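J.: Following is a predicted model, sequence given first.
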Amino acid sequence: MSIQFEEPLAGSYGVVDSFPKDFGYGVEEGDIEDSPAPSDSKPRILLMGLRRSGKSSIQKVVFHKMSPNETLFLESTNKIYKDDISNSSFVNFQIWDFPGQVDFFDPTFDYEMIFRGTGALIFVIDAQDDYVEALGRLHLTVSRAYRVNPEINFEVFIHKVDGLSDDHKIETQRDIHQRANDDLADASLDKLHLSFYLTSIYDHSIFEAFSKVVQKLIPQLPTLENLLNIFISNSGIEKAFLFDVVSKIYIATDSSPVDMQSYELCCDMIDVVIDVSCIYGLKEDGSGSAYDKESMAIIKLNNTTVLYLKEVTKFLALVCILREESFERKGLIDYNFHCFRKAIHEVFEVGVSAQRLGTLQPATPSLKAVTHNGTPRSTV
Ligand SMILES: Nc1nc2c(ncn2[C@@H]2O[C@H](COP(=O)(O)OP(=O)(O)OP(=O)(O)O)[C@@H](O)[C@H]2O)c(=O)[nH]1
């Protein structure tokens with residue numbers, strides 16, 4: 001990998017001469033848009049938890065733009081609801097929303113089949129309720145799933161924390177963490193790792209948590225982070241997120257720490273851009289798309305910060321936060337962005353070709369392979 005710094009422009013910024021091209025798969029290029037994965041072989045993200053813990057609300061708010069208040073009227077889920085979101089999103093998964101009363105001892109419930117093709121299991125606990133029963137159910141669920149497929153990422157959403165004070169949130173998280181891990185230790189399941197998140201549909205925490213869940217399932221994540229690091233350090237940018245536009249999940253960011261405010265700002269920018277584009281960007285007969293190759297936006301804030309959004313792929317947008325003085329070198333930023341965009345396309349094209357040629361050797365061969373929009377797909 002070589003990066004050239006352009007001398008006269010700025011001491012510390014430069015032109016990105018080339019991004020790394022060989023990402024380990026090293027095969028011919030292919031078409032990024034075709035070869036969709038058959039829907040049943042897509043990896044699953046399971047949403048499980050007790051009744052009324054908030055599973056359907058999470059799925060509707062994150063992937064279907066439902067406003068949080070509307071979830072008050074959601075009916076209870078009675079059977080497994082499979083939501084395939086890959087037509088509109090980079091997130092090429094099926095989200096399976098389970099009814100709260102799922103019974104592992106019911107012979108018609110084929111949990112072996114379900115867990116075998118699962119990438120992540122999200123267990124939702126209602127933090128506003130007594131969570132003793134939920135902890136018992138969590139233990140039963142994860143221990144069953146782990147025995148069938150130890151590759152699953154186990155994620156616990158301590159949900160509805162909007163009703164809790166800051167102290168109470170921390171105490172609840174500590175208590176749930178402690179009890180859940182004690183239960184696992186008692187069952188000699190110390191290797192089973194649980195990750196915990198405090199979430200609410202009434203703020204951005206649910207999008208942030210889902211971002212982290214999805215990132216763990218993207219085999220190219222280190223490459224994407226590396227590309228973002230190279231891009232921002234050569235362009236004088238403070239923070240950059242690669243967003244899945246439809247869900248506002250960020251699938252990668254540079255390695256500087258994420259602060260919630262920056263993330264919220266970037267999410268809000270996507271909303272503004274898509275809303276304005278829907279109103280004023282479509283053709284007179286209503287045809288066209290609110291998000292396409294031409295999509296880009298610049299928002300200057302009153303604190304000398306600039307937000308810069310640009311289209312990367314059909315599903316992805318780059319949103320950057322930078323200072324006004326750095327934005328004076330817009331030409332340089334745009335040139336570096338051009339190289340960055342090309343590299344991102346190559347990452348996913350290479351993945352698709354490898355899959356087509358059957359030469360891909362992902363980190364966990366039993367589960368992950370790359371699909372047309374870049375996310376892993378099950379090979380079971
Ligand atoms: N305060 C608060 N309420 C929430 C949150 N998420 C969901 N809810 C509410 O919780 C209630 C239950 O939500 P659902 O999404 O139907 O729960 P579920 O887990 O899918 O329920 P079942 O389908 O019965 O398993 C609804 O009234 C939601 O509005 C949250 O983050 N905060």
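T.: Nice, I can see it.
J.: sec struct for the closest residue to residue 282 other than its chain neighbours, please.
T.: Spatial nearest neighbour of residue 282, excluding adjacent residues (CB to CB, 6 or more residues apart in numbering): residue 288 at 4.6 Å. Glycine gets a C-beta too; all of them are placed from N, C-alpha and C. Look at residue 288: counting by DSSP: H, G, I helix; E, B strand; the rest coil, its state is coil.
J.: residues near residue 296, how many?
T.: 14 (other CB atoms under 10 Å).
J.: OK, contacts around it?
T.: By CB atoms under 8 Å, 6 or more residues apart in numbering, the contact list for residue 296 reads 308-311.
J.: Most neighbours among these, which one?
T.: Busiest of the contacts of residue 296 [other CB under 10 Å] is residue 308, holding 24 neighbours.
J.: That one belongs to a strand, doesn't it?
T.: Yes: the assignment for residue 308 is a strand, going by three-state DSSP.
J.: element containing the closest residue to residue 55 other than its chain neighbours?
T.: Among residues not flanking residue 55 along the chain, residue 47 sits closest, at 4.3 Å (CB to CB, 6+ apart). Assigned by DSSP states H and E, residue 47 belongs to strand 44-49.
J.: partners of that strand, with directions?
T.: Under the criterion DSSP bridges, strand 44-49 sits next to strand 94-97 (parallel), strand 118-126 (parallel) in its sheet.
J.: possible to save those strands as CSV with mean pLDDT, mean neighbour count and distance to residue 187?
T.: Shown next, in CSV, are the strands paired with strand 44-49 (pLDDT from 0 to 100; neighbours: other CB atoms under 10 Å; distance: least, CB to CB, whole Å):
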stretch, mean pLDDT, mean neighbour count, distance to residue 187
strand 94-97, 84, 21, 25
strand 118-126, 94, 25, 16
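J.: Make JSON lines out of these and add distance to residue 335.
T.: Converted to JSON lines, the strands paired with strand 44-49 look like this (distance: least, CB to CB, whole Å):
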{"stretch": "strand 94-97", "distance to residue 335": "38"}
{"stretch": "strand 118-126", "distance to residue 335": "37"}
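J.: what sits against the closest residue to residue 337 other than its chain neighbours?
T.: Take residue 337 and drop its neighbours on the chain: the residue closest to it by CB to CB, 6+ apart is residue 310, 5.9 Å away. Applying CB under 8 Å, 6+ apart, we find residue 310 in contact with 295-296, 317-318, 337, 341.
J.: pLDDT of the strand holding residue 47, averaged?
T.: Summarised as a single mean, pLDDT over strand 44-49 is 90.
J.: Stretch 76-93 now?
T.: Here the average pLDDT along stretch 76-93 is 72.
J.: okay, how far is it across that stretch, tip to tip?
T.: Using CA to CA, to the nearest Å, the end-to-end distance of stretch 76-93 comes to 23 Å.
J.: Then stretch 275-282?
T.: Stretch 275-282 end-to-end distance (CA to CA) = 11 Å.
J.: one step back: how far away is the residue nearest to residue 337 from the ligand?
T.: 32 Å (CB to the nearest ligand atom, to the nearest Å).
J.: follow-up on the earlier one: hang on, the residue nearest to residue 55 packs against residue 97?
T.: Yes: the criterion here is CB atoms under 8 Å, and residue 47 meets it with residue 97 at 4.9 Å.
J.: got a pLDDT number for the residue nearest to residue 337?
T.: For residue 310, the predicted pLDDT is 94.
J.: got it, and residue 372?
T.: So residue 372 comes in at 40 (pLDDT).
J.: So among the contacts of residue 310, which ones count as buried?
T.: 295, 317-318, 337, 341 (16 or more other CB atoms under 10 Å).
J.: okay, the residues you listed in TSV with distance to residue 92 next?
T.: Converted to TSV, the buried ones among the contacts of residue 310 look like this (distance: CB to CB, whole Å):
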residue	distance to residue 92
295	21
317	17
318	19
337	24
341	20
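J.: Tell me the one among those nearest to residue 197.
T.: residue 317 (23.9 Å; CB to CB).
J.: What residues does the closest one make contact with?
T.: 242-243, 245, 270, 291, 295, 309-311.
J.: So which of those residues are in helices?
T.: If you go by DSSP state H, the contacts of residue 317 have residue 270 in helices.
J.: Switch the contacts of residue 317 over to TSV; also include distance to residue 55.
T.: Formatted as TSV, the contacts of residue 317 follow (distance: CB to CB, whole Å):
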residue	distance to residue 55
242	27
243	24
245	24
270	25
291	28
295	32
309	31
310	34
311	32
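J.: Let me know the closest of the contacts of residue 317 to the ligand.
T.: residue 270 (20.9 Å; CB to the nearest ligand atom).
J.: isn't the closest one right up against residue 248?
T.: Yes: contact criterion CB under 8 Å: residue 270 and residue 248 qualify, at 5.8 Å.
J.: okay, these two: which has more neighbours?
T.: Neighbour comparison, residue 270 and residue 248: the larger count goes to residue 248, with 25 against 20 (by other CB under 10 Å).
J.: Contact partners for the more buried one?
T.: Counting by CB under 8 Å, 6+ apart, residue 248 has contacts 62, 207, 267, 270-271.
J.: Tell me the one of the residues you listed nearest the ligand?
T.: Nearest to the ligand among these, with distances taken as CB to the nearest ligand atom, is residue 62, at 11.1 Å.
J.: re earlier: could you name every residue contacting both of residue 47 and residue 97?
T.: Between them, residue 47 and residue 97 share these contacting residues under CB under 8 Å, 6+ apart: 55-56, 59.
J.: Which parts of the helix or strand of the chain with the lowest mean pLDDT count as buried, going by neighbours?
T.: Least confident helix or strand, the chain: strand 81-84 with a mean of 77, by mean pLDDT, DSSP states H and E. The neighbour-count check on strand 81-84 (16+ other CB under 10 Å) flags residue 83 as buried.
J.: what's the answer for stretch 314-333, then?
T.: Buried positions in stretch 314-333, judged by neighbour count with 16+ other CB under 10 Å: 315-322, 326-327, 329, 332-333.
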